[in-house]
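# Quick one: sequence and predicted model below, then my questions.
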Amino acid sequence: MAETLIEVRDLGLIYEKEKETFQALDHINLEIHKGEFVCIIGSSGCGKSTLLSVLEGLNKPTTGEVLINGKVVNGAGPERAVVFQNYSLFPWLTARDNVAFAVRKSRKKLQKIRKKESLEIADEFLERVQLQGFANKLPGELSGGMQQRVAIARALACNPQILLMDEPFGAIDAKTRENLQQLLLKLWREDKNKKTVVFVTHDLDEALLLADRIVFMVPKGVHQILDVDIPRPRSKESLFDNSEYRRLHGELVKLFYKEHIYKEIGGEEVII
Ligand code: ADP
Ligand code: MG
């Protein structure tokens with residue numbers, strides 16, 4: 001049996017703004033195993049980013065709890081790193097300094113690290129994302145795809161157990177996106193201490209390419225969890241010849257379609 005790393009127990013989250021309240025998540029239960037690659041999909045506004053923000057420790061649950069390694073999450077932690085859609089790099093720092101700064105910050109509580117060492121780690125990880133020639137560039141001098149590679153290098157350089165990714169390739173053009181997906185899969189596969197990845201996307205094909213399991217969300221909750229039993233390594237081309245890919249793709253399209261009707265009707269109890 002795979003070991004559980006992340007446990008979401010009866011999670012609920014209500015946003016409160018002045019006198020307005022909005023229930024974004026309700027009764028979510030989910031277990032994610034060590035080394036697993038999980039994709040969360042669902043239409044816009046169903047609560048994917050909110051769920052990820054709770055895993056990150058940025059938002060506190062209103063009810064229920066999240067446990068990581070058996071401990072209740074109560075804020076950010078060095079075992080977690082995040083990559084978002086907007087590159088979130090410091091624009092005044094070079095690629096190398098962006099990575100090195102994050103490394104120093106993440107290590108602060110664990111052990112002191114010298115600046116020189118953090119720069120060496122930064123160079124090592126920039127090389128892994130094939131950006132060795134661009135270490136001294138500012139984010140503004142890099143393309144979107146390159147900035148996102150810096151963000152991935154930054155996250156991995158902090159040596160987290162868990163990588164939380166929120167539509168990281170959502171703003172990237174199709175070809176570059178494919179390269180980044182393959183790069184991410186390669187880094188994940190070749191890692192000695194395989195990271196656990198929680199990756200939000202609304203792209204079915206991206207989820208089927210990347211995931212061991214797909215968590216399909218509907219507004220406020222998890223509707224269904226699908227195992228993706230497609231052999232690895234996977235490529236876009238190899239997927240088309242795979243019958244399990246076609247079956248899962250059909251299933252996911254149906255789920256999206258049902259949810260679409262559900263939204264049009266606007267009644268929670270009508271469908272699903
Ligand atoms: P997704 O990432 O699936 O598109 P989100 O998690 O961003 O969805 O949002 C889920 C719901 O919560 C949406 O209806 C959104 O409008 C609402 N929401 C998100 N952030 C806030 C906030 N800070 N305050 C109030 N409502 C919010
Ligand atoms: Mg979102």
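Yep, it's here. Numbers count the residues shown, from 1 in each chain. Ligands and ions are numbered 1, 2, ... in the order given.
# Flag every residue of this structure that's near ligand 1.
15, 17, 22, 24, 42, 44-50 (Cβ under 6 Å from any ligand atom). (Each C-beta comes from the backbone N, C-alpha and C, glycine too.)
# Read off the pLDDT value for the residue most central in space within the chain.
Nearest to the mean C-alpha position of the chain, counting by Cα atoms, centre = their mean, stands Met165 at 2.1 Å. In the prediction, the pLDDT value recorded for Met165 is 97.
# wait, isn't it in contact with Val198?
Yes. Look at Met165 against Val198 with Cβ atoms under 8 Å: they come within range, at 7.1 Å.
# Please export the C-alpha coordinates of stretch 90-104 as CSV.
Extracted in CSV, the C-alpha atoms of stretch 90-104 (Å, rounded to 0.1, in the frame of the first residue of the first chain):
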residue,chain,number,x,y,z
PHE,A,90,11.1,39.1,-8.3
PRO,A,91,11.6,41.4,-11.4
TRP,A,92,14.6,43.1,-9.9
LEU,A,93,16.5,39.9,-9.3
THR,A,94,18.3,37.8,-11.9
ALA,A,95,17.2,34.2,-12.6
ARG,A,96,20.1,33.0,-10.4
ASP,A,97,19.3,35.4,-7.5
ASN,A,98,15.6,34.5,-7.7
VAL,A,99,16.4,30.8,-7.1
ALA,A,100,19.2,31.5,-4.6
PHE,A,101,17.0,33.8,-2.5
ALA,A,102,14.3,31.2,-2.3
VAL,A,103,16.8,28.6,-1.3
ARG,A,104,18.1,30.8,1.6
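# Same question for that stretch: list its buried residues.
94-104 (16 or more other Cβ atoms under 10 Å).
# gap between that stretch and the chain center?
21 Å (Cα atoms, centre = their mean, to the nearest Å).
# what sits up against it?
Outside stretch 90-104, the residues that touch it by Cβ atoms under 8 Å, 6 or more residues apart in numbering are 89, 113, 115, 118-119, 121-123, 125-126, 131, 134-140, 142, 150, 153-155, 157-158.
# Also stretch 12-23?
The contact list for stretch 12-23 (Cβ under 8 Å, 6+ apart) reads 24-28, 47, 50, 54, 59, 61-64, 220.
# Which residues belonging to that stretch are considered buried?
Buried, per 16+ other Cβ under 10 Å, within stretch 12-23: 12-13.
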